[in-house]
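# for reference, the sequence and a predicted model appear below.
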Amino acid sequence: MPKIVDHDARRRELAAAVGRVIARDGVADVSIRSVAAESGWSSGALRHYFATRGELLAFACEQVIDQVTERIRAMPVPDGVRAGVRAILLETMPVDERRRAESTIAFSFLALGLGDPALARVQRLHFTRMYELCLSLAAHLTPGDAETTARRLHALVDGVTVHVLAGHLTPDEMTARLDDYLDELTA
């Protein structure tokens, strides 16, 4: 009887290994070889699922986007619009090690997407999903001008996230900037 392999589970396992390599060594050190070593697979077995580093990185980023989306969908919504918006946005921001690793993976596509159309597609997916989230939240905060609020909210969240990843802000300082903006919107 042939062995039944769950290919989707194996791909997710490899995406998790990409995340560990990025969190530990940075995106520049992600390669077929480094991810194979991290996952305990051979490079040949890994190439059965992902032919190139770009495919591997793109899938890992898509997995992060899907994980964060599912977490947001499953979370209990706090009472009050401001508290709910805050909780949802913090789920996308690097306030702890898990979310820092996710943000690192997602934002690594800023630079990578400049030179690779396949990776640029993933970058656009990340930005589109985040904008759509901000737009849906802004509709509750400023129903008459949701689009402007969504663009500003998206810019703030991405900006302070990059500042945390670069070491210019702490997670607490980032959260304070978010709170300041939400206070302005809800005053």
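Arrived safely. Numbers count the residues shown, from 1 in each chain.
# what does the helix or strand bottoming out on mean pLDDT in the chain contact?
The helix or strand of the chain with the lowest confidence, counting by mean pLDDT, DSSP states H and E, is helix 97-115 at a mean of 84. For helix 97-115, the external contacting residues (Cβ atoms under 8 Å, 6 or more residues apart in numbering) are 18-19, 22-23, 27, 57, 60-61, 64-65, 67-68, 91-94, 119-124, 126, 161-162, 164-165, 171. Using the backbone N, CA and C atoms, a C-beta is placed for each residue, glycine as well.
# okay, buried residues for it please.
For helix 97-115, the buried set under the neighbour-count rule, 16 or more other Cβ atoms under 10 Å, comprises 99-109, 112-113.
# continuing past it, what's the next helix or strand?
helix 117-141 (DSSP states H and E).
# using ChimeraX, define a selection of the buried residues within the contacts of helix 97-115.
The buried residues among the contacts of helix 97-115 can be selected in ChimeraX (16+ other Cβ under 10 Å) with this line:
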select :18,19,22,23,27,57,60,61,64,65,67,68,91,92,93,94,119,120,122,123,126,161,162,164,165,171
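# out of the contacts of helix 97-115, list just those in helices.
Applying DSSP state H to the contacts of helix 97-115, the entries found in helices are 18-19, 22-23, 57, 60-61, 64-65, 67-68, 119-124, 126, 161-162, 164-165, 171.
# ok, residue 54 to residue 61 distance?
Distance of residue 54 to residue 61, computed by Cβ to Cβ, to the nearest Å: 11 Å.
# show me where the protein dips below the pLDDT cut-off.
Filtered on pLDDT under 70, the chain yields the residue ranges 1-3, 5.
# I appreciate the help and will end here.
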